[in-house]
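Participant: here are the coordinates; sequence isn't available:
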């Protein structure tokens, strides 16, 4: 093994990792859990969700479905550990004024297709004790489910908005009869992301 780089494997040292399971407490009590696959983008997309939900007060689904971005300015966690100096990647749904301002500030902006960056999912406990979930409509790889004891209360799983040919803002919302519209004592919820051919990639249960 190469012992030179700072991220070399050494006994007793925590290796660099992109895994970002996130639990946010409120007054010392678990309030919000979220996670996402995506390599070095996991930290960035999770932070964007946190800021939109906690600092700007958006509901989970809106915070997840808004246009997102990430940077590749730093060296990748994966071989050959390339770096895209100054590069920032945006979904095409950002306003042109945002793109122009980033370029004016010196960023090398790369525009990706709409609804293509991120696969976030999250669960939170409301002030009323109800569980609420937000699921990412991008690529149809996220789901959320709530149940009381052994029986399922409701499930919502969005379809790929690009394949459906329409904006996904109605997908994954809490509508009558679905997750979050009625108390679920004792509350239990699962939220996760799935890859094609796999049932579940990562999940949480409360």
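Facilitator: Great, that's in hand. The model shown is predicted, which means the values in this text are computed figures rather than measured ones.
Participant: Model confidence for residue 182, exactly?
Facilitator: For residue 182, the pLDDT comes out at 33.
Participant: ok, and residue 47, which helix or strand is that part of?
Facilitator: helix 41-50 (DSSP states H and E).
Participant: Sorry, slip of the keys, the one I care about is residue 34.
Facilitator: With DSSP H and E as the criterion, the answer for residue 34 is strand 29-35.
Participant: mind listing the helices for this protein?
Facilitator: 41-50, 60-65, 96-104, 161-164 (DSSP state H).
Participant: just for the protein, where's the confidence low?
Facilitator: 1-2, 6-7, 141-142, 145-206 (pLDDT under 70).
Participant: Specify the beta-bridge partners of residue 134.
Facilitator: residue 122 (DSSP bridges).
Participant: I'd assumed residue 143 was in contact with it.
Facilitator: No: at 11.3 Å, residue 134 does not count as touching residue 143 under the criterion of C-beta atoms under 8 Å. No exception for glycine: its C-beta is placed from N, CA and C like everyone else's.
Participant: intersection of neighbour lists for these two?
Facilitator: residue 121 (C-beta atoms under 8 Å, 6 or more residues apart in numbering).
Participant: neighbour-wise, which of the two wins?
Facilitator: residue 134 (29 against 21; other C-beta atoms under 10 Å).
Participant: tell me the angle of the helix holding residue 47 relative to strand 29-35?
Facilitator: 130 degrees (axes from the mean of the first three to the mean of the last three C-alpha atoms, to 10 degrees).
Participant: Give me the contacts around helix 41-50.
Facilitator: 18-20, 22, 24, 32, 34-36, 38, 60, 63-64, 68-71, 117-118, 120, 122.
Participant: Stretch 108-120 too?
Facilitator: Contacts of stretch 108-120 (C-beta under 8 Å, 6+ apart): 34-38, 41, 45-46, 49, 64, 68-70, 84-93, 99, 102-103, 134, 136-139, 141-142, 160-162, 168, 193.
Participant: Go through the helices of the chain and pick out the most buried.
Facilitator: helix 60-65 (a mean of 24; mean count of other C-beta atoms under 10 Å).
Participant: Quick one: list the elements packing against that helix.
Facilitator: Where contact means 3 or more C-beta pairs under 8 Å, 6 or more residues apart in numbering; DSSP states H and E, helix 60-65 is packed against helix 41-50, strand 121-125, strand 131-135.
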